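Colleague: pasted the sequence and its predicted model underneath.
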Amino acid sequence: MMLALEMYRSPAKFLAAKAVGGRIPGILTGPAAPLRLVTINEPKAERPGWARIRPILSGICGSDLGMVTGSTKLYFSAVVSMPFVPGHEVVGELLDDCEDLPKGTRVVMDSVLTCAARGVEPCENCVSGNTNRCDRITVGHVAPGLQTGFCQDTGGGWGNVLVAHRSQLYAVPDGLSDERAVLVEPLAGAVHAALRAKITPGQSVLVSGAGAVGLFATLALRELTQAGRITVVAKHAKQRELARAFGASDVVAPDEVFRGVRRSTGAFRLKPDFGAGEFLLGGVDVAVDAVGSKDSIDTVLRVTKAGGRVVLSGMPASGADLSPVWFRELEVTGTYASAREEPNGRPAFETALELAGRAPLDGIVGARYPLYRWREALDHAHSAGRLGTVKVAFDVRAS
Amino acid sequence: MSRPGFVLEVDDRTPPLLVHNGEGFLLERFPLGTRVVYPPEALPAVRDVDEAIQSALLNPIESEPLPDLLRAGMRLTIAFDDISIPLPPMKKPDIRQRIIEAVLELAARAGVDDVELISANALHRRLTPNELRDIVGERVFRSFFPDGKLYNFDAEDAANLTHLGQTRHGEDVEISKRAAESDLLVYVNVNLVAMDGGHKSTSIGLASYKSLKHHHNSHTMIHSRSFMDHKRSKMHESAWRMGEILTQHVKVFQIETTLNNDIFGGPLEFLQKREWEWSVKDQASMLGTKRALAAAPGKLRHKIFTDVRSNYGLTGVHAGKIEPVHDKTLENVHRQHLVEVQGQSDVAIMGVPFIGPYNVNSVMNPILAACMGLGYYFNSYRGNPIVRKDGAVILYHPVDYEFSQLHHPSYVDFFEEVLAESTDPATIEAKFEKQYAEDPWYIHLYRTSYAYHGVHPFYMWYWISHALDHCGDIVWVGANRKTVERMGFRSASTLQDALEMVSHSVGRSPSITYLHNPPHLLADVR
């Protein structure tokens, strides 16, 4: 038996969460949350290639919060299996030998449950290394679930034990602290986003949002591409400071995006009639949305130059105005998780492990909570930007 | 008979003194011993303006009479000062209208039919058709504007600029092609302050950024002591050098006018009187106006002030060759504005009024407020600044965070982006000026809308370089704390607080001078 936070099916709570949205986080992480602390059976690692992991630190991701607050689309209900233990940003310790990785190895985990993990014939995407696009995430010997942390059979990082397949695991170098290692999964996502942005040398980039996704995207863009000016939209003082430390050329407040981008790119700024949102003729070559809100997506679409590229890295909200996509012939690209074979020919996790070792990431895990203080942890994560925190994590061993 | 400028020392009997404070004013009780410099009263005006104009045109200085310069088939261009002067704008008819009409009559008599009129606005905003009409009058406007023969100068219209050469200091002289290729360029000037006129009219008013950047920069501005003394102003020295080149290529007939200090009339007449001489009627007007302004909503208050039109009297009109004409102009300007002041003081106090050259029919944004106080009023001296080196300046203005997106789009960006990084004129010049000057959006707005050129806020900031370099402390009374902090200054709630704040540099009993303007004055500090 083990202690774990469990996400369970509760239409009433789901609707309640959806109704109050992100407006009253205290209620969402309180009685309305479809989440509970339970003692349940440990997941089993009975098939070859699978092993048990004891999480050390497990991060709270925006998508986890989206689930709790009901802002995750019903679209995803087909690719999860309830109830499940959330948590896919994990650094843990192997409790069993796992092929070439001996018991006791510290590992991080690519959470996508691909064909290899499911024991089915590899799909076209898995064969080509685009494992994050796997088409078999609902079949095989594992319950449906797009990732560990959304699957009934595997457990997740918010519990004392989870199971993972060898194809998901990467050994953590000895010199890398747990606090840095727990960031490898979101860093891998950022590596994927930066490489998917297909930036040519000198291109201007806007990163909208300076939460973990935006900051890591900034870091990856600066480290892995030859982007020219990188402008980051940041709301809070600590975010502004970190954005600069991670390579932003300049940082603007959300209400200064149009002014800042117009200035830095020499674009023309137009204001339509009747209160419609303004937009630029000209603008950045590439925009990365790292928020996912309607406002943020609207903004990046309106400040990207004609023929430019918009990369959606945050889980997108509905209701954004797609007129600029049509009118400015924008190329809109999504980025989800990370791939085993990125455009640079390497798994994103390998690149992310290197980044985690050399980037200025000390203090990025700004708060650690035991599982039983989950309400405080989620509250903190919900207000992380305002409180000057980038990443909140569960200290699972302390639970 | 007018009275000369007056210097008063505040004593027990001195009543509270009026201080301009943006779109309003207040009565301030100054510390005992404060030296108050009042502007001279308005000089008597020329009685027959039209006759004076005719006389100037027919009896020019070091030039043939204007009729002798006009002939059929020639190309004549009349350039005139834009809306930035006089301040406040003049009641109709504008003196420029009267002169232009007189010139056009002579031109018509001579059979000149290739005539164009250009508002010499350099990098200032374009004038609207109504603003052009206000200056040139209905008759001229109707005759020339519809055919495109009356227009604003466009410093970004490369096809219509001519590079005339370089001065011996390597300064480019690039001006309006039409003016450069004219057989005669008549320039119609209004001299409100000693800074205007002379070679500044053509060499600056009709010039492009390529020319202007040689003297509108922080180095030149900081070494102009002051702008009101063209022989000690580096900016004017440069303009004069450019003028030499310009006049080698273009025949210029300069017409300069000078105005008296008759600015506030009607119910606002008390604004140009000395407080202890206020009649009961003046006191009632003052109280009524003050209370009405305090109660009026912002928009109404703004309208009241932008609607002010002054009943200036003409004190002189001279025409002919640029330099001798300008010498005569300066004599008149000095006669009106000079006030003898003995020695500098530790603290200078100035009230910044509602209007400056760059916010006519618009908003005085924080940068313009700083420019008005620290650019214009601080530099209203001849000899030495009114305040000693490392002394303190105390200014009155609300300095609200308010910008006109129509007129000052680059100012907002300058305030938010440039001043956030540095307030040092040389630093921002090196890092940002080129970007702003060449920004295609600002150029587009300058050329097609009514926006000041993208580089203009830099010029406003350079304008205050001398004050920034000279003064130890600059404190604004009653100003928006955030806006003045962004500009690198401090804000105080009251004059007493401001004096307390500057006491570390000027001591607890500093000598204080209050420049009681407008009406305008020029402190001749001995």
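Modeller: Great, that's in hand.

Colleague: all contacts plus neighbour counts: C-alpha atoms, from now on.
Modeller: Fine.

Colleague: list the contacts for residue 289?
Modeller: Let's take chain A. A:207-209, A:214, A:296-297, A:300, A:310-314 (C-alpha atoms under 8 Å, 6 or more residues apart in numbering or on different chains).

Colleague: should've been chain B
Modeller: Counting by C-alpha under 8 Å, 6+ apart, residue B:289 touches residue B:268.

Colleague: what segments of the stretch 201-350 of chain A are helices?
Modeller: A:212-224, A:237-245, A:257-265, A:294-302, A:323-327, A:348-358 (DSSP state H, counting those that start in this stretch).

Colleague: tell me how far residue B:166 lies from chain A.
Modeller: Noted for residue B:166: a distance of 30 Å to chain A, by C-alpha to the nearest C-alpha, to the nearest Å.

Colleague: now that residue. Nearest residue, chain neighbours left out?
Modeller: Leaving out its chain neighbours, the residue that sits closest to residue B:166 by C-alpha to C-alpha, 6 or more residues apart in numbering or on different chains is residue B:172, at 4.5 Å.

Colleague: compute the number of surrounding residues for residue A:187.
Modeller: Around residue A:187 there are 29 other residues, counting by other C-alpha atoms under 10 Å in any protein chain shown.

Colleague: again but with residue A:270, I slipped
Modeller: Residue A:270 sits with 12 neighbouring residues when counted by other C-alpha under 10 Å.

Colleague: ok, now the one 10 residues further on?
Modeller: By other C-alpha under 10 Å, the residues close to residue A:280 number 24.

Colleague: give me the residue from the stretch 101-250 of chain B nearest chain A.
Modeller: Residue nearest to chain A within the stretch 101-250 of chain B: residue B:156 (16.1 Å; C-alpha to the nearest C-alpha).

Colleague: my guess is that residue meets residue B:443, correct?
Modeller: Yes: using C-alpha atoms under 8 Å, residue B:156 is in contact with residue B:443, at 7.1 Å.

Colleague: that older thread, what sits against the residue nearest to residue B:166?
Modeller: By C-alpha under 8 Å, 6+ apart, the residues touching residue B:172 are B:163-166, B:210-211, B:214, B:242.

Colleague: so for the residue nearest to the spatial centre of chain B, what's the pLDDT?
Modeller: Closest to where the C-alpha atoms of chain B average out (C-alpha atoms, centre = their mean) is residue B:357, at 4.6 Å. Residue B:357 carries a pLDDT score of 95 in this model.

Colleague: if we can go back for a sec, turn the contacts of residue A:289 into TSV, including neighbour count.
Modeller: Below are the contacts of residue A:289 laid out as TSV (neighbours: other C-alpha atoms under 10 Å in any protein chain shown):
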residue	neighbour count
A:207	29
A:208	32
A:209	27
A:214	25
A:296	22
A:297	27
A:300	27
A:310	28
A:311	24
A:312	23
A:313	26
A:314	23
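
Colleague: need those residues in a markdown table (columns: distance to residue B:116 and pLDDT).
Modeller: Formatted as a markdown table, the contacts of residue A:289 follow (distance: C-alpha to C-alpha, whole Å; pLDDT from 0 to 100):
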| residue | distance to residue B:116 | pLDDT |
| --- | --- | --- |
| A:207 | 51 | 98 |
| A:208 | 51 | 97 |
| A:209 | 54 | 96 |
| A:214 | 57 | 97 |
| A:296 | 51 | 95 |
| A:297 | 51 | 95 |
| A:300 | 47 | 97 |
| A:310 | 51 | 97 |
| A:311 | 54 | 97 |
| A:312 | 56 | 96 |
| A:313 | 59 | 94 |
| A:314 | 60 | 88 |
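
Colleague: and residue A:50, how far from chain B?
Modeller: Between residue A:50 and chain B the distance is 55 Å, computed by C-alpha to the nearest C-alpha.

Colleague: separation between that residue and residue A:137?
Modeller: In this view, residue A:50 and residue A:137 are 17 Å apart by C-alpha to C-alpha, to the nearest Å.

Colleague: list the contacts for residue 342?
Modeller: No chain in the question, so chain A it is. Residue A:342 is in contact with A:129-130, A:192, A:195, A:348, counting by C-alpha under 8 Å, 6+ apart.

Colleague: think we crossed wires, I meant chain B
Modeller: B:525-526 are the contacts of residue B:342 under C-alpha under 8 Å, 6+ apart.

Colleague: the helix or strand hosting residue B:26 pairs with which strands, and in what direction?
Modeller: Using DSSP states H and E, residue B:26 maps to strand B:25-28. The pairing partners recorded for strand B:25-28 under DSSP bridges are strand B:17-20 (antiparallel).

Colleague: hmm, who's touching the partner strand?
Modeller: In contact with strand B:17-20 (C-alpha under 8 Å, 6+ apart) are residues B:25-30, B:271, B:275, B:350-354, B:396-397, B:516-517.

Colleague: starting at the chain centroid, how far to it?
Modeller: Its chain's C-alpha centre and that of strand B:17-20 lie 21 Å apart, by C-alpha atoms, centre = their mean, to the nearest Å.

Colleague: what's the mean pLDDT across that strand?
Modeller: pLDDT averaged over strand B:17-20 gives 96.

Colleague: and the lengthiest strand in chain B, what does it pack against?
Modeller: Secondary structure assigned by DSSP state E gives strand B:387-396 as the longest strand of chain B. Here strand B:387-396 touches strand B:345-351, helix B:465-470, strand B:473-477, helix B:495-506, going by 3 or more C-alpha pairs under 8 Å, 6 or more residues apart in numbering or on different chains; DSSP states H and E.

Colleague: residue A:5 sits in which helix or strand?
Modeller: Applying DSSP H and E as the criterion places residue A:5 in strand A:2-7.

Colleague: pull out the buried positions in stretch A:120-127.
Modeller: By 16 or more other C-alpha atoms under 10 Å in any protein chain shown, the buried positions in stretch A:120-127 come out as A:122-123, A:125-126.

Colleague: same check, this time on stretch B:243-262
Modeller: Residues B:243, B:245-247, B:250-262 are the ones in stretch B:243-262 that count as buried (16+ other C-alpha under 10 Å).

Colleague: that one: end-to-end distance?
Modeller: Terminal residues of stretch B:243-262 are spaced 32 Å apart (C-alpha to C-alpha).

Colleague: for stretch A:96-107, same thing?
Modeller: Across stretch A:96-107, first to last residue, C-alpha to C-alpha, it's 12 Å.

Colleague: in it, what's buried?
Modeller: Result for stretch A:96-107 [16+ other C-alpha under 10 Å]: buried residues A:96-98, A:101, A:103, A:105-107.

Colleague: what's the closest of these to chain B?
Modeller: Relative to chain B, and with distances defined as C-alpha to the nearest C-alpha, the nearest of the buried residues of stretch A:96-107 is residue A:107, at 44.3 Å.

Colleague: host element of the closest one?
Modeller: In this assignment (DSSP H and E), residue A:107 forms part of strand A:106-109.

Colleague: against residue B:198, how distant is residue B:234?
Modeller: 14 Å.

Colleague: and these two? which has more neighbours close in?
Modeller: residue B:198 (29 against 22).

Colleague: quick one: the strands in the stretch 151-300 of chain A?
Modeller: A:162-165, A:169-171, A:205-208, A:230-233, A:250-252, A:268-270, A:279-281, A:284-289 (DSSP state E, counting those that start in this stretch).

Colleague: mean pLDDT lowest where, among those strands?
Modeller: strand A:268-270 - the lowest mean pLDDT of the strands of the stretch 151-300 of chain A, at a mean of 90.

Colleague: can you say which helix or strand has residue B:524 in it?
Modeller: Assigned by DSSP H and E, residue B:524 belongs to strand B:522-525.

Colleague: pipe the buried residues of stretch A:96-107 into CSV and attach pLDDT and distance to residue A:277 per row.
Modeller: Formatted as CSV, the buried residues of stretch A:96-107 follow (pLDDT from 0 to 100; distance: C-alpha to C-alpha, whole Å):
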residue, pLDDT, distance to residue A:277
A:96, 95, 56
A:97, 96, 57
A:98, 96, 54
A:101, 96, 54
A:103, 96, 57
A:105, 97, 53
A:106, 97, 49
A:107, 97, 47
